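Colleague: Build the 3D model from these lines:
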Amino acid sequence: MPRRPAKVTQADIARAIRAAKEAGASAITVDAEGVIRIALTADAAPIKAINGCDETWTPSEALQRYLKSTESG
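Modeller: Residues are numbered from 1 along each chain as shown. A predicted model of the protein is given here:
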(Lines give C-alpha, C1' and ligand atoms only; values in the text may rest on other atoms or scores of the structure.)
Protein backbone atom coordinates (compact mmCIF):
# COMPACT_ATOMS: atom_id res chain seq x y z
CA MET A 1 0.00 0.00 0.00
CA PRO A 2 1.60 3.30 -1.06
CA ARG A 3 2.10 6.10 1.42
CA ARG A 4 -0.24 9.04 1.10
CA PRO A 5 1.22 12.51 0.55
CA ALA A 6 1.77 14.64 3.63
CA LYS A 7 -0.84 17.32 4.34
CA VAL A 8 1.88 19.66 5.52
CA THR A 9 5.61 19.29 5.01
CA GLN A 10 8.54 20.28 7.16
CA ALA A 11 9.39 22.92 4.56
CA ASP A 12 5.86 24.38 4.85
CA ILE A 13 6.24 24.65 8.61
CA ALA A 14 9.71 26.20 8.33
CA ARG A 15 8.40 28.84 5.89
CA ALA A 16 5.45 29.60 8.17
CA ILE A 17 7.72 30.00 11.20
CA ARG A 18 10.08 32.31 9.33
CA ALA A 19 7.21 34.46 8.04
CA ALA A 20 5.59 34.54 11.49
CA LYS A 21 8.81 35.70 13.14
CA GLU A 22 9.18 38.49 10.59
CA ALA A 23 5.56 39.56 11.16
CA GLY A 24 5.90 39.49 14.95
CA ALA A 25 3.43 36.65 15.48
CA SER A 26 2.63 35.48 18.97
CA ALA A 27 1.89 31.82 18.16
CA ILE A 28 1.83 29.22 15.39
CA THR A 29 -0.29 26.06 15.42
CA VAL A 30 -0.56 23.15 13.01
CA ASP A 31 -3.66 20.99 13.42
CA ALA A 32 -4.26 17.38 12.43
CA GLU A 33 -5.79 18.45 9.11
CA GLY A 34 -2.57 20.21 8.14
CA VAL A 35 -3.91 23.74 8.62
CA ILE A 36 -1.23 26.20 9.75
CA ARG A 37 -2.55 29.06 11.88
CA ILE A 38 -0.44 32.10 12.71
CA ALA A 39 -1.68 34.31 15.54
CA LEU A 40 -0.73 37.92 14.96
CA THR A 41 -0.94 40.51 17.68
CA ALA A 42 -3.16 43.53 17.10
CA ASP A 43 -0.16 45.83 17.31
CA ALA A 44 2.02 43.91 14.83
CA ALA A 45 4.65 46.10 13.23
CA PRO A 46 4.28 46.94 9.54
CA ILE A 47 6.31 44.74 7.21
CA LYS A 48 9.06 46.44 5.23
CA ALA A 49 9.35 45.53 1.56
CA ILE A 50 12.46 43.53 0.73
CA ASN A 51 12.69 44.43 -2.95
CA GLY A 52 14.39 47.78 -2.34
CA CYS A 53 11.12 49.70 -2.47
CA ASP A 54 10.32 52.14 0.35
CA GLU A 55 6.72 50.92 0.67
CA THR A 56 5.53 49.18 3.82
CA TRP A 57 2.61 46.81 4.15
CA THR A 58 0.18 47.21 7.02
CA PRO A 59 -2.82 44.90 7.44
CA SER A 60 -6.12 46.61 6.62
CA GLU A 61 -8.75 47.06 9.31
CA ALA A 62 -10.88 44.40 7.64
CA LEU A 63 -7.99 41.91 7.70
CA GLN A 64 -7.24 42.72 11.33
CA ARG A 65 -10.92 42.15 12.24
CA TYR A 66 -10.89 38.85 10.36
CA LEU A 67 -7.68 37.71 12.03
CA LYS A 68 -9.06 38.67 15.44
CA SER A 69 -12.33 36.78 14.78
CA THR A 70 -10.44 33.62 13.76
CA GLU A 71 -8.18 33.55 16.81
CA SER A 72 -8.76 30.50 18.95
CA GLY A 73 -8.74 30.91 22.67
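Colleague: ok, the residue most central in space within the chain to L63 distance?
Modeller: Closest residue to the average C-alpha location of the chain: I38 at 4.1 Å, with Cα atoms, centre = their mean. To L63, I38 is 13 Å away according to Cβ to Cβ, to the nearest Å. Placement of C-beta: from N, CA and C, glycine included.
Colleague: lowest-confidence helix or strand of the protein?
Modeller: strand 47-48 (a mean of 58; mean pLDDT, DSSP states H and E).
Colleague: Show me where this structure has its helices.
Modeller: Secondary structure of the chain (DSSP state H): helices at 10-23, 61-69.
Colleague: mean confidence score for the first one?
Modeller: Per-residue pLDDT values over helix 10-23 give a mean of 85.
Colleague: got it, and the last one?
Modeller: Averaged over helix 61-69, pLDDT sits at 77.
Colleague: Quick check: buried residues in that helix?
Modeller: Buried residues in helix 61-69, defined by neighbour count with 16 or more other Cβ atoms under 10 Å: L67.
Colleague: Could you number the chain from 12 rather than 1 from now on?
Modeller: In the new numbering, first residue 12, that becomes helix 72-80.
Colleague: Run through the residues that contact the residue nearest to the centre of the chain.
Modeller: For I49, the contacting residues are A27, A30, A31, A34, A36, A38, I39, by Cβ atoms under 8 Å, 6 or more residues apart in numbering.
Colleague: Pull out the buried residues from these.
Modeller: Buried members of the contacts of I49, scored by 16+ other Cβ under 10 Å, are A27, A31, A34, A36.
Colleague: Isn't the first one up against V46?
Modeller: No: with the criterion set as Cβ atoms under 8 Å, A27 and V46 do not qualify as a contacting pair; they are 10.7 Å apart.
Colleague: got TSV for the contacts of I49, with distance to T20 too?
Modeller: Output for the contacts of I49, formatted as TSV (distance: Cβ to Cβ, whole Å):
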residue	distance to T20
A27	11
A30	15
A31	16
A34	21
A36	20
A38	20
I39	15
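Colleague: among these, which two are most distant?
Modeller: Greatest spatial distance in the contacts of I49: A30 and A38, 13.5 Å, computed using Cβ to Cβ.
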